[in-house]
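missing the sequence, but the structure's below:
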DNA sequence: ATATTACGGTACAACATGCCTCGTATTCTA
DNA sequence: TAGAATACGAGGCATGTTGTACCGTAATAT
């Protein structure tokens, strides 16, 4: 059941994603136009419209690999909270670079195009949450994390904090991240003396 | 030292802001064009360009009053944490309505226009933080909040969480907000038995 | 009266989008 | 080997938005 007709050009596909990623780094998603992508990739605008539904979709595909690579999670066997702390710092570090600007641009695009939002949740948020969740589950199971908190809410708070800084163009310094983690772990309430 | 020449028309100014706010509610900032604003306000585009540097600036001015009204903070004399909880819930509630969509749009606009970002920080984030800060300071002073946490970071985490939901178009339910506050106050670490 | 400034209206170039058509290239099937 | 099917690059075109400029007119101070 081989497909009939001229097959999709892998060369074109790759050239378009490469051109997109370069332009994202140089100018950001806000100033990315399909025309510039097509010209740099040596492709035609028709081809872009043929395969991608929106500017956001191209940007997403062009960035996914890099994002997943930069925010990798390599378990090192110590307790869950220590590992989560390492993860958050690695994310914060990645967000200080060009990737942060790209993500901010994607989040902005999500506000004007529902399809981009859907893709963002499906291709980026979902998989990354699924990847991190076992870590928090481990913490819940071994008693290092309170059993009555929702791991989803933990993610909402920590990533929410990081992304909010990102949108306000405030660098997520390591010291700031430490403060966030301290509050996350210990809370802000003054403890009664033990 | 009275100004010479025809004075700026207050009627036009007001009509433009009114038209902007209406259009924001109807279509969102993404689909707001200066032309539509001008036509509905019975003004001319020249007048808009004369007084505002950008679309974001008009949207900001048109929304500021509403935003400040909806997220009002009325002290009720109980302890600082309880009051902060009430404030966050009132914010979460406001964000579920049309105001949330407008803010999301402004945050998106901030990613494509640095001037809008500057205005957002100066006119919205700054004043609101300054308004809330005394509340947290009171908590620090009376010992209900740990003395070694930064009130800024508390705001970063809580508002970051809310705004992140906002950008992902996930309604900030009261129950979710309760979970966030619980983590904020008590932390996620399992406490040693007292 | 005159200078000064704001107003609404209009025109303009520049650019981006989305859709369409064309001639050509590459592959499978008969 | 011919033909059908599909993808390709190139480019045209209507539409809409932006930013700037210019006009004649309106309102105010000196």
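Okay, I see it. Quick caveat: nothing in here was measured; it's all calculated off a predicted structure. Numbers count the residues shown, from 1 in each chain, chains lettered A, B, ... in the order given.

rest of the way, CA atoms for contacts and neighbours
OK.

looking only at pLDDT, what's the mean for stretch A:68-85?
Here stretch A:68-85 scores 81 as its mean pLDDT.

Check what contacts that stretch and list those residues.
A:87, A:90, A:91, A:94, A:132, A:135, A:136, A:138, A:139, A:144, A:145, A:181 (CA atoms under 8 Å, 6 or more residues apart in numbering or on different chains).

if you set the cut-off to 7 Å instead, what comes out?
By CA atoms under 7 Å, 6 or more residues apart in numbering or on different chains, the surrounding residues in contact with stretch A:68-85 are A:87, A:90, A:91, A:94, A:135, A:136, A:138, A:139, A:181.

likewise stretch A:15-28?
The contact list for stretch A:15-28 (CA under 7 Å, 6+ apart) reads A:32, A:37, A:38, A:40, A:41, A:59, A:62, A:63, A:98, A:102, A:105.

Could I get these in CSV, plus columns for distance to residue B:17 and neighbour count?
As requested, these are exported to CSV (distance: CA to CA, whole Å; neighbours: other CA atoms under 10 Å in any protein chain shown):
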residue, distance to residue B:17, neighbour count
A:32, 31, 17
A:37, 37, 25
A:38, 40, 20
A:40, 42, 17
A:41, 43, 19
A:59, 35, 25
A:62, 40, 20
A:63, 39, 20
A:98, 36, 13
A:102, 32, 24
A:105, 28, 24
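
tell me the phi and psi of the residue of chain A found nearest DNA strand D?
Chain A approaches DNA strand D most closely through residue A:5 (3.0 Å), counting by CA to the nearest atom of the strand. Residue A:5 adopts backbone torsions of phi 90, psi 170, taken as degrees, to the nearest 10.

and it, how many neighbours does it have?
Look at residue A:5: counted by other CA atoms under 10 Å in any protein chain shown, it has 6 neighbours.

need the contact list for it.
Residues counted as contacts of residue A:5 (CA under 7 Å, 6+ apart): none.

so for stretch A:94-110, what's the average pLDDT?
Throughout stretch A:94-110, pLDDT has a mean value of 95.

what comes into contact with that stretch?
Applying CA under 7 Å, 6+ apart, the contact partners of stretch A:94-110 are A:24-25, A:28-30, A:56, A:67, A:70-71, A:116-117, A:166-167, A:171-172, B:108, B:111.

Only the buried residues of it, if you could.
A:94-96, A:99-110 (16 or more other CA atoms under 10 Å in any protein chain shown).

out of the contacts of stretch A:68-85, which is most surrounded?
residue A:139 (24 neighbours).

now whichever helix or strand that residue is part of: mean pLDDT?
Residue A:139 is part of helix A:126-141 when elements are defined by DSSP states H and E. Regarding helix A:126-141, the rounded mean pLDDT is 95.

Residue numbers of chain A in contact with DNA strand D?
A:3-10, A:12-13, A:39, A:42-47, A:50-51 (CA under 7 Å from any atom of the strand).

those helices in chain A, which residues are they?
A:10-27, A:34-41, A:45-51, A:55-70, A:80-96, A:98-112, A:114-119, A:126-141, A:151-167, A:174-186 (DSSP state H).

Check the gap between residue A:168 and residue B:98 for me.
22 Å (CA to CA, to the nearest Å).

For residue A:158, see how far away residue A:141 is.
20 Å.

In terms of neighbours, single out the busier of the two.
residue A:158 (21 against 13).

Can I have the buried ones of the contacts of stretch A:94-110 as a ChimeraX selection?
Those of these that count as buried under 16+ other CA under 10 Å are selected in ChimeraX with:
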select /A:24,28,29,30,56,67,71,116,117,166,167,171,172 /B:108,111
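
of all the buried residues of stretch A:94-110, which comes closest to residue A:153?
The closest of the buried residues of stretch A:94-110 to residue A:153 turns out to be residue A:107 (CA to CA; 19.8 Å).

quick one: the closest one from residue A:130, how far?
When residue A:107 is compared with residue A:130 (using CA to CA), they lie 20 Å apart.

And for residue A:161?
19 Å.

Kindly report the same for residue A:63.
Applying CA to CA to residue A:63 and residue A:130 gives a distance of 19 Å.

go on, residue A:94?
For residue A:94, the distance to residue A:130 (CA to CA) stands at 19 Å.

again, but for residue A:39
37 Å.

So those two - more neighbours on which side?
It is residue A:39, of residue A:39 and residue A:130, that has more neighbours when counted by other CA under 10 Å, with 13 against 10.

How about the contacts made by that one?
Taking CA under 7 Å, 6+ apart as the criterion, residue A:39 is in contact with no other residue.

if you skip the residues just before and after it, what's nearest to residue A:120?
Closest residue in space to residue A:120, ignoring its immediate chain neighbours: residue A:60 at 7.3 Å, by CA to CA, 6 or more residues apart in numbering or on different chains.

With residue A:161 instead?
Nearest one to residue A:161, counting by CA to CA, 6+ apart, is residue B:160 at 4.2 Å.

again, but for residue A:146
Closest to residue A:146 by CA to CA, 6+ apart is residue B:190, at 4.5 Å.

ok now stretch A:184-194, how far from the chain's centre?
Stretch A:184-194 has its C-alpha centroid displaced from the chain centroid by 31 Å (CA atoms, centre = their mean, to the nearest Å).
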